[in-house]
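# Attaching a predicted model along with its sequence, questions to come.
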Amino acid sequence: MNYDYLIVGAGLFGAVFAHEMTRKGKKCLVIDKRDHIAGNIYTKKWADIDVHWYGAHIFHTSNKSVWEYINQFCEFNNFVNSPVAVYKDELYNLPFNMNTFSKMWNIKTPEEAKKIIADQRAAEANKTGEPANLEEHALSMVGRDVYEKLIKGYTEKQWGRDCKDLPAFIIKRLPLRFTYNNNYFNDRYQGIPIGGYTQIIEKMLNGIDIRLNTEYKTFAASKDRDVTWDKVLYTGMIDEYFDYKLGELEYRSLKFEHELIEGEENYQGNAVVNYTERNIPYTRIIEHKHFDFGTQPDTIITKEYPATWNKGDEPYYPINDDRNTKLYKDYAKLAEDEKNVIFGGRLGNYRYYDMDKVIEAALEVVEKEA
Ligand code: UDP
């Protein structure tokens with residue numbers, strides 16, 4: 001059997017690509033090394049609760065066509081992400097907004113908040129220049145109090161390095177507002193798929209051949225393989241594809257500790273609670289039922305521990321600092337010469353993509369291929 005495309009990775013990028021190319025009459029085979037589809041957006045029903053197995057995923061976008069696209073595959077609820085941050089015995093709203101500032105400084109008005117931030121900024125060494133790293137950027141946006149209590153510890157444990165050695169764009173993801181609005185995202189559309197994410201990928205891959213527990217290199221090299229293909233869409237790690245021949249890209253990994261608490265109806269009162277102190281080993285606790293306004297008698301929580309990535313571990317985040325960005329560009333050049341292979345997704349493009357950007361990027365590749 002010959003396929004038009006071998007799609008490596010049954011995550012969101014691979015599934016959108018497979019779905020669209022199949023609609024265009026192409027024959028696709030999807031393989032994944034895990035024993036399930038859906039990549040890191042995989043959700044699993046446990047105690048009647050949809051558990052985000054590889055970390056919380058909240059769908060948000062400002063792109064209407066992406067929103068309409070994903071809504072073909074499921075219905076979304078109207079969940080709005082409003083995390084809270086715990087620092088020692090203090091609790092603050094996120095993202096950084098008037099609720100945060102009012103609690104931090106016992107003030108009421110935007111003018112008061114802006115004045116405190118301006119005064120704190122004036123006390124810093126670099127008060128006017130362009131921020132050179134995440135620390136300088138954070139200090140210039142919110143001042144030292146917010147930085148020390150809500151950013152420094154969290155960011156350093158999340159990324160495993162000093163805030164001075166991290167690029168500012170990581171934190172530019174978060175809104176800063178001088179209004180009393182706890183919505184973590186500025187996007188127009190936001191929600192959680194009713195019934196979880198896995199069904200989306202199931203529907204996208206409906207009728208398409210899938211082989212699980214199938215690792216690409218071993219599969220491609222196997223002599224008694226019963227299939228061939230014309231082209232590959234590869235959503236694994238780009239440096240791994242090239243056998244690390246230019247060097248290793250760095251990733252950040254995570255460990256998840258899922259726990260069912262029987263008889264506990266409401267453990268923490270919110271879907272996401274961040275722990276911003278450096279010496280608490282996890283960054284956040286997720287209580288999954290709150291993503292879906294659940295009223296089950298039990299609850300499931302997940303502690304999320306950032307971890308050093310070593311070869312063989314699950315890579316979750318690319319670390320887009322100067323060294324890795326340059327190395328990625330060199331790999332991307334090699335990728336251009338690989339005429340029958342397309343690279344996509346967080347790992348194939350070495351980019352800190354959100355789900356809506358993954359869909360956008362996959363649809364762009366489809367356009368080019370069609
Ligand atoms: N961040 C922080 N304190 C928080 C939450 C986030 O300093 O309580 C910073 C941190 O640097 C983190 C970045 O903001 O890496 C992005 O956070 P986000 O929640 O968007 O990351 P993700 O959900 O992708 O892990």
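All right, it came through fine.
# Next, the residue of the stretch 251-370 of the chain found nearest the ligand: phi, psi?
Closest to the ligand within the stretch 251-370 of the chain is Asn274: 3.9 Å, counting by C-beta to the nearest ligand atom. Yep, even glycine has a C-beta here, placed from its N, CA and C like the rest. When quoted as degrees, to the nearest 10, the phi and psi of Asn274 stand at phi -90, psi 140.
# Helix or strand for Phe73, just tell me which one.
Following DSSP states H and E, one finds Phe73 outside all helices and strands.
# I misspoke; the intended subject was Lys303.
strand 299-308.
# Can you dump the C-alpha atoms of that strand in CSV for me?
What follows is strand 299-308, C-alpha atoms only, in CSV (Å, rounded to 0.1, in the frame of the first residue of the first chain):
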residue,chain,number,x,y,z
THR,A,299,-12.2,15.8,42.3
ILE,A,300,-9.0,15.3,40.4
ILE,A,301,-6.0,17.6,40.8
THR,A,302,-2.7,17.7,39.0
LYS,A,303,0.5,19.1,40.3
GLU,A,304,2.8,20.3,37.5
TYR,A,305,6.5,20.1,38.1
PRO,A,306,9.0,21.7,35.7
ALA,A,307,11.9,19.4,34.9
THR,A,308,15.2,19.3,33.2
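# The helix or strand just after it pairs with which strands, parallel or anti?
With elements assigned by DSSP H and E, the helix or strand that comes after strand 299-308 is strand 317-318. Paired neighbours of strand 317-318 in the sheet (DSSP bridges): strand 251-261 (antiparallel).
# Give me the contacts around the strand it pairs with.
46-47, 51, 53-55, 158-160, 237, 267, 282, 298-310, 313-319 (C-beta atoms under 8 Å, 6 or more residues apart in numbering).
# In PyMOL, how would I select the buried members of these?
Buried subset of these, written as a PyMOL selection, criterion 16 or more other C-beta atoms under 10 Å:
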select buried, resi 47+51+53+54+158+159+237+267+282+298+299+300+301+302+303+304+306+309+315+316+317+318+319
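# overlap between the contacts of strand 251-261 and the residues near the ligand?
Restricting the contacts of strand 251-261 to those touching the ligand (C-beta under 6 Å from any ligand atom) yields Gln158.
# Could you list the contact residues of the chain toward the ligand?
85, 94, 150-151, 154-155, 158, 170-171, 173-174, 274, 276.
# Just those: which are in strands?
Ala85, Asn274 (DSSP state E).
# one step back: got a list of contacts for the strand holding Lys303?
Residues from elsewhere that reach strand 299-308 (C-beta under 8 Å, 6+ apart): 46-47, 49, 51-52, 55-56, 157-160, 252-261, 264-268, 281-289, 313.
# Show the average pLDDT along it.
In this model, strand 299-308 carries a mean pLDDT of 98.
# For the stretch 201-350 of the chain, which segments are assigned as strands?
With DSSP state E, counting those that start in this stretch as the criterion, the stretch 201-350 of the chain has strands at 209-211, 228-234, 251-261, 272-275, 284-287, 299-308, 317-318, 341-343.
# Deepest in the core, which of the ones you listed is it.
Ranked by mean neighbour count, those are led by strand 284-287 with a mean of 22 (mean count of other C-beta atoms under 10 Å).
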